[in-house]
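Undergrad: coordinates only, no sequence provided:
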């Protein structure tokens, strides 16, 4: 019952286009430690912006993540890196919501704040397939679809393997196309196939420790 899900999986009904709502602005949200922000992050944001026709993608560095050890680099400095990297990129917006907010960095809190900031926009939470597999462990994860759509970034041809809890929650919520994400403010999900760019923050940090070049892996401004 809870096997893999492909983008064309017929078990998830396509929303009835006869009830489509008026098109609205759609805003992407891409969070992460960004320690450092690298070209894989940058390319994912640009691809999501263009493929989903997002008016902007907000890049949200975590300040006090509960699921992993915090970065040795301050959140403020990581935000400055993002600002430098996207200064000339249309629609990519550094976002300090989790920095200025006290307490742990929970996605649900950030989405609630963004919904207040953008009450008339569709919000699209961008996440990798690894995070998606553990989505049910996030704080108040069941409520996230009340505030945003989900776009799960996968390699082309890759199958998505959600937990049973996630699969049950997604029944009947697949977006037939990117356009569907613009027709309601939240509640749908879709796989977003992006060409792989094999760069990780872990590798960048390792190269720096070895006093080796990271040119081509991080934006030149960083």
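TA: Looks like it arrived, so ask away. All values derive from a computational prediction rather than experimental measurement.

Undergrad: okay, now the unreliable bits of the chain?
TA: Scanning the chain for pLDDT under 70 picks out 1-21, 66-71.

Undergrad: swap in 80 and give it another go.
TA: 1-22, 65-71 (pLDDT under 80).

Undergrad: quick check: which element contains the spatially most central residue of the chain?
TA: When C-alpha atoms, centre = their mean is applied to the chain, the residue found nearest the centroid is residue 126 (2.0 Å). Secondary structure from DSSP states H and E places residue 126 in strand 122-128.

Undergrad: just checking, next helix/strand downstream of that strand?
TA: helix 129-133.

Undergrad: and that following helix, what does it pack onto?
TA: With contacts taken as 3 or more C-beta pairs under 8 Å, 6 or more residues apart in numbering; DSSP states H and E, helix 129-133 sits against strand 149-154. (Each C-beta comes from the backbone N, C-alpha and C, glycine too.)

Undergrad: where do the strands of the chain begin and end?
TA: Counting by DSSP state E, residue ranges of the strands within the chain are 26-32, 56-61, 92-94, 122-128, 149-154, 189-193.

Undergrad: in CSV: those strands, plus distance to residue 179.
TA: Below are these laid out as CSV (distance: least, C-beta to C-beta, whole Å):
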stretch, distance to residue 179
strand 26-32, 10
strand 56-61, 18
strand 92-94, 22
strand 122-128, 11
strand 149-154, 12
strand 189-193, 11
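
Undergrad: minimum distance to residue 167: which of those strands has it?
TA: Across these, the minimum distance to residue 167, taken as C-beta to C-beta, is reached by strand 189-193, at 10.9 Å.

Undergrad: just want the angle from the closest one to strand 122-128.
TA: 50 degrees (axes from the mean of the first three to the mean of the last three C-alpha atoms, to 10 degrees).
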